[in-house]
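Trainee: Below are the sequence and a predicted model; questions follow.
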Amino acid sequence: MEEGASFCRICLDGGTLLRPLKSACDCRGSMAFVHKDCLSTWRCQFPKSHEKHRNCAVCKTPYKWKERKRINYWIVPSFLASLSTSIAYVVLMQYCYPYLNVRHMLIWYQRIHPACIQRAVVGSISTVCKTFSLVVVFNPKERLYHNLCWTVGLAVPTLGLYAMLFFVDMTRLILPIFLGLYLLIEWACLLIYVLEV
């Protein structure tokens with residue numbers, strides 16, 4: 001380390017174009033500069049109400065910038081995939097009407113309409129996309145591989161329930177309600193996530 005050069009007081013590395021050094025508090029000298037991500041990692045060790053999360057441990061002054069939640073950008077493609085499959089599901093519903101009388105139910109048991117099978121497949125893909133969105137929202141700091149593992153673990157029982165509803169529900173009304181509720185939960189969680197960032 002060169003004498004007189006500025007460096008981060010946490011990781012002891014110098015500043016770069018992508019990771020510039022910033023002054024976070026009123027400290028001077030070798031304690032003046034820090035990388036924003038280094039300070040964020042250090043502050044996240046303490047709850048928001050803790051003094052070390054709000055104020056510098058050395059000069060006791062409040063930090064100059066607010067702590068921001070780490071954003072996982074996989075939320076964008078997962079949300080778009082969930083939205084597009086939900087739209088495709090609604091379009092396919094036009095070809096697979098709900099059966100509201102006994103005669104249609106009995107016909108359905110004899111022969112399942114191909115549009116209903118297509119709707120069920122699109123709905124199962126949509127369910128997986130929604131599960132991935134929720135996993136990313138609740139685990140924003142995890143790597144993609146870990147989030148995919150969580151998604152598979154949670155999607156398997158959900159898809160089992162989905163398949164059971166497909167074969168048991170003769171009215172064809174329960175699956176749209178199930179997916180609609182899942183979509184509302186996903187959007188509510190996404191809205192909370194975006195507002196907290």
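Mentor: Arrived safely. Numbers count the residues shown, from 1 in each chain.
Trainee: Next up, the contacts around Lys64.
Mentor: Applying C-beta atoms under 8 Å, 6 or more residues apart in numbering to Lys64 gives the contacts 23-25. To be clear about C-beta, it is placed using only N, CA and C from the backbone, and glycine gets the same treatment.
Trainee: of all these, which comes closest to Leu134?
Mentor: Ala24 (33.8 Å; C-beta to C-beta).
Trainee: Which residues are in contact with that closest one?
Mentor: 34, 39, 56, 63-65.
Trainee: what two of those residues are the furthest from one another?
Mentor: Once C-beta to C-beta is applied, the contacts of Ala24 give Cys56 and Trp65 as the farthest pair, at 12.1 Å.
Trainee: Compare these two (neighbour count), which wins?
Mentor: Cys56 (19 against 11; other C-beta atoms under 10 Å).
Trainee: Can you show me the helices along this structure?
Mentor: 36-43, 51-54, 75-93, 102-110, 114-138, 144-168, 174-196 (DSSP state H).
Trainee: List the neighbours of the shortest one that are in contact with it.
Mentor: Counting by C-beta under 8 Å, 6+ apart, helix 51-54 makes contact with 43, 46-48, 62-63, 67, all of which sit outside it.
Trainee: cool, and the fifth one?
Mentor: Residues lying outside helix 114-138 but in contact with it, judged by C-beta under 8 Å, 6+ apart, are 72, 74-75, 78-79, 81-82, 85-86, 88-89, 92-93, 95-96, 108, 147-148, 150-151, 154-155, 158-159, 162-163, 166, 172, 175, 179, 182-183, 185-186, 189-190, 193.
Trainee: residues contacting Cys27?
Mentor: 9, 56, 58-59.
Trainee: Now with 10 Å, please.
Mentor: 9, 33-34, 56-59, 61 (C-beta atoms under 10 Å, 6 or more residues apart in numbering).
Trainee: Also Leu190?
Mentor: Applying C-beta under 10 Å, 6+ apart, the residues contacting Leu190 are 75, 78-79, 82, 133-134, 136-137.
Trainee: The same query, at a cut-off of 6 Å, please.
Mentor: If you count contacts by C-beta atoms under 6 Å, 6 or more residues apart in numbering, Leu190 has none.
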